[in-house]
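Novice: After the sequence you'll find the predicted model.
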Amino acid sequence: MKLRKPKNSLRISGFIRIVSGFVMALGLNLSLHAAPVTGDPQVNAFGWIPNSTNALNYAQQTPGHIGQSTPYVLFNSNSFGQVVLDFFNIAPGLAFFETRIDGVATGVNPHPVVIGDTIHTGGTAVASGNTLLGKVFLATQYVDIRLALGGERDFDFDWVRFEVPEPGVLSLFALGFLGLVFGRRRQAG
């Protein structure tokens, strides 16, 4: 003679399974967002050595400007197909942040600062003393930002990369969640 669990017990265990799946998914999602706050530095092929880096600007450690606010960009969030960034220019002069999406060189005019490169269109201009929060960039892999133009040349930094989550990871999450849902249905039936 088999003992059967009460229906409420089955509902509770199914509910616990769904909640635990959600918590795991939330943890996975948070790990996708665990990118360096100022992006990953990238090298250029032109031998250009800027005066600073985005991380130094953020930390107020720019050579010659220790303790001073300088232009920088910070990671806000990312999700499938996009990266959201925050731009800051609490410094003298206009800051023009150039943009490169998925490695595409969009410039057509020779760059006046980075010899051998071109000016990348679609950039972000931020006036002195201003911020621009939550700017969305549509990309499939990554968004690169650099500061190589603007009013105050001492604050230039080379490309920094902000990643888009890989669709493979998101697909695995979706499949795992579907497995939990169908497993619950099968158990309930």
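Specialist: That came through fine. Owing to the predicted nature of the structure, the values given are computational and were not obtained by experimental measurement.
Novice: Domains in this protein, by residue range?
Specialist: Using automatic domain parsing, the domains assigned to the chain come out as 10-32+168-188, 40-165.
Novice: Deepest in the core, which of those is it.
Specialist: Burial of the domains of the chain is given as mean neighbour count (mean count of other Cβ atoms under 10 Å); domain 40-165 ranks first at a mean of 18. Every residue, glycine included, has its C-beta placed from N, CA and C.
Novice: Do I have it right that Glu163 meets Gln82?
Specialist: No: between Glu163 and Gln82 there is no contact under Cβ atoms under 8 Å: 11.3 Å.
Novice: hmm, back to that, where among the domains of the chain is average confidence lowest?
Specialist: Among these, domain 10-32+168-188 carries the lowest mean pLDDT, a mean of 58.
Novice: Let me see the ranges of the strands in the protein.
Specialist: Counting by DSSP state E, one finds strands in the chain at the ranges 40-41, 72-79, 82-89, 95-101, 124-126, 130-138, 142-150, 157-163.
Novice: can you redo those as JSON lines with distance to Gly47?
Specialist: Formatted as JSON lines, the strands of the chain follow (distance: least, Cβ to Cβ, whole Å):
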{"stretch": "strand 40-41", "distance to Gly47": "16"}
{"stretch": "strand 72-79", "distance to Gly47": "23"}
{"stretch": "strand 82-89", "distance to Gly47": "27"}
{"stretch": "strand 95-101", "distance to Gly47": "18"}
{"stretch": "strand 124-126", "distance to Gly47": "25"}
{"stretch": "strand 130-138", "distance to Gly47": "27"}
{"stretch": "strand 142-150", "distance to Gly47": "14"}
{"stretch": "strand 157-163", "distance to Gly47": "11"}
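Novice: of all these, which lies closest to Asp117?
Specialist: strand 142-150 (8.2 Å; Cβ to Cβ).
Novice: relative to strand 95-101, how tilted is that closest one?
Specialist: Strand 142-150 runs at 150 degrees relative to strand 95-101, counting by axes from the mean of the first three to the mean of the last three Cα atoms, to 10 degrees.
Novice: Does Ile145 have any beta-bridge partners, and if so which?
Specialist: Note on Ile145: beta-bridge partners by DSSP bridges are Thr99, Val160.
Novice: That one contacts Glu98, correct?
Specialist: Yes: counting by Cβ under 8 Å, Ile145 touches Glu98, with 7.0 Å between them.
Novice: what sits in contact with each of the two?
Specialist: Counting by Cβ atoms under 8 Å, 6 or more residues apart in numbering, Ile145 and Glu98 have no common neighbour.
Novice: Spit out the contact partners of Phe162.
Specialist: Ala35, Gly39, Asp40, Phe75, Asn78, Val83, Leu85, Tyr142, Val143, Asp144, Ile145.
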